[in-house]
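Asks: Sharing a model prediction with you, sequence too.
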Amino acid sequence: MKPLVLILCTGNSCRSHLAEGILRSVAGDILEVASAGSKPAGYVHPLGIAAMQEIGIDISSHHSKHMNEFLDRKVETVITVCGNADQACPLFPGQLNRHHWPFDDPAHATGTDAEILAVFRRVRDEIKAVFTAYADGRRDQMKQR
């Protein structure tokens, strides 16, 4: 059974879904990956879906979930990607690790459509760099065992 990594943000509408999609694409063979929020927005941001499609990752079937849906699951690692979720995060059964890696919320970007999409792309790329490095580290840990 693969360890469950739960990625949390407040609304579970953008950053956590970007991270979930990226981590699943680079480490889905060794990790179960899910995302949730402390106050779910009820949707996944369309520009987040579009930005991920640009790099070949389809998150269009994702949906916004509450973190309490995971309280009865063995969650090995919790990663919060915004400050509010870090403060609201409960301790999950079986939780061994917790990381807080905050990213700007592209849903709050302002400007022209092109400028807003550029923010989504920037945050996506920042998330991709961090979560790809995390996946590489997990693979290195597995090799050492």
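Replies: Received the coordinates, thanks. Keep in mind it's a predicted model, so treat the numbers as computed, not measured. Numbers count the residues shown, from 1 in each chain.
Asks: Just the pLDDT at Phe70, thanks.
Replies: At Phe70, the pLDDT value in this model is 93.
Asks: Please apply the same query to Ala114.
Replies: Ala114 carries a pLDDT value of 96.
Asks: got the residue ranges for the strands in the protein?
Replies: Secondary structure of the chain (DSSP state E): strands located at 4-9, 32-37, 77-80, 97-100.
Asks: now, of those strands, which is deepest in the fold?
Replies: Most buried of the strands of the chain, by mean neighbour count (mean count of other Cβ atoms under 10 Å): strand 4-9, with a mean of 27. C-betas here are computed from N, CA, C, even on glycine.
Asks: ok, that one: who's next to it in the sheet?
Replies: With DSSP bridges as the test, strand 4-9 is paired with strand 32-37 (parallel), strand 77-80 (parallel).
Asks: So, low pLDDT: which residues of the protein?
Replies: 85-89 (pLDDT under 70).
Asks: so where's the longest helix in it?
Replies: helix 113-144 (DSSP state H).
Asks: the inter-axis angle of that one versus strand 32-37?
Replies: Interaxial angle of helix 113-144 relative to strand 32-37 (axes from the mean of the first three to the mean of the last three Cα atoms, to 10 degrees): 140 degrees.
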